[in-house]
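1. test case, fold it:
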Amino acid sequence: IVLRVADTYDYLYKPCPDQPLETASDEDKAAWKAENKKHNDVACLMLGKMSHALQKQFESYPPQLMIYDLLDALHSCKQASRKSVSAHVLEMKGYMDQLHALGKSYDNDMAINLINRSLNKDFGDIVRNFNMHCVGKIVTELHALLIDYEKGLKDKAPCKTHMKNTVKFKIFTSIKS
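-> Model prediction:
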């Protein structure tokens, strides 16, 4: 909204021109300075909407690269095998919130699809079930369901002593044979 009011919305997509040579006319230098100031103003507005960690990462980026890198980070985000589902979903939600603040919103279905596709294989069953039966749910409801499902996965995980006994039994039976 601010960018549209200030007539600088197109600076999100337009690259900043190169600085003119020293031999350029004063008019060219003044025009470049004005263009550079508008690009800088847009970048400052975008940085102001980001978290502190992202501000540090993007402080020297032009606006179109900030958006591209946030989109790339969001779409390449995958849940690591030991990472909790809550931390993973919150990370993705953080990227989506940053993009929303920059005017690049995802609708609810797209956000849910991205989150479901980013989960590791342990969540395959709930993703299929969610896609079949939970049309119309929002991201926070998906987040709560995933947390509950993860708790169930931890409860079903075999304990270490059971696993040791199973391995010993398998080794013992293979030696006897």
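
2. right, and L114 touches M92 too?
-> Yes - counting by Cβ atoms under 8 Å, L114 does reach M92; the two are 6.7 Å apart. Every residue, glycine included, has its C-beta placed from N, CA and C.

3. who's more crowded, those two?
-> Shown here are L114 and M92; by other Cβ atoms under 10 Å, M92 has more neighbours (22 against 17).

4. contacting residues around the more buried one?
-> The neighbourhood of M92, defined by Cβ atoms under 8 Å, 6 or more residues apart in numbering, consists of 74, 77, 114-115, 118.

5. count of residues packed around the residue nearest to I138 when sequence neighbours are not counted?
-> Leaving out its chain neighbours, the residue that sits closest to I138 by Cβ to Cβ, 6 or more residues apart in numbering is N108, at 5.6 Å. N108 has 12 neighbouring residues, counting by other Cβ under 10 Å.

6. try N40
-> N40 is flanked by 14 other residues according to other Cβ under 10 Å.

7. follow-up on the earlier one: shared neighbours of L114 and M92, anything?
-> What both L114 and M92 touch, as defined by Cβ under 8 Å, 6+ apart, is the set L74.

8. any figure for the gap between the closest residue to L142 other than its chain neighbours and K14?
-> Counting by Cβ to Cβ, 6+ apart, I112 is the residue found nearest to L142 once chain neighbours are left out, at 5.6 Å. Separation of I112 from K14 (Cβ to Cβ, to the nearest Å): 33 Å.

9. just to revisit the earlier point, just the ones in helices from the contacts of M92, please.
-> The helices, defined by DSSP state H, take in 74, 114-115, 118 from those.

10. how far out from the middle of the chain is the helix or strand containing S86?
-> Assessed by DSSP states H and E, S86 sits inside helix 85-101. In terms of Cα atoms, centre = their mean, to the nearest Å, the centre of helix 85-101 is set 5 Å apart from its chain centre.

11. now do the buried residues in that helix.
-> Of all the residues in helix 85-101, those buried under the rule 16 or more other Cβ atoms under 10 Å are 85, 88-89, 91-96, 98-99.

12. state the mean pLDDT of that helix.
-> Across helix 85-101, pLDDT averages out at 91.
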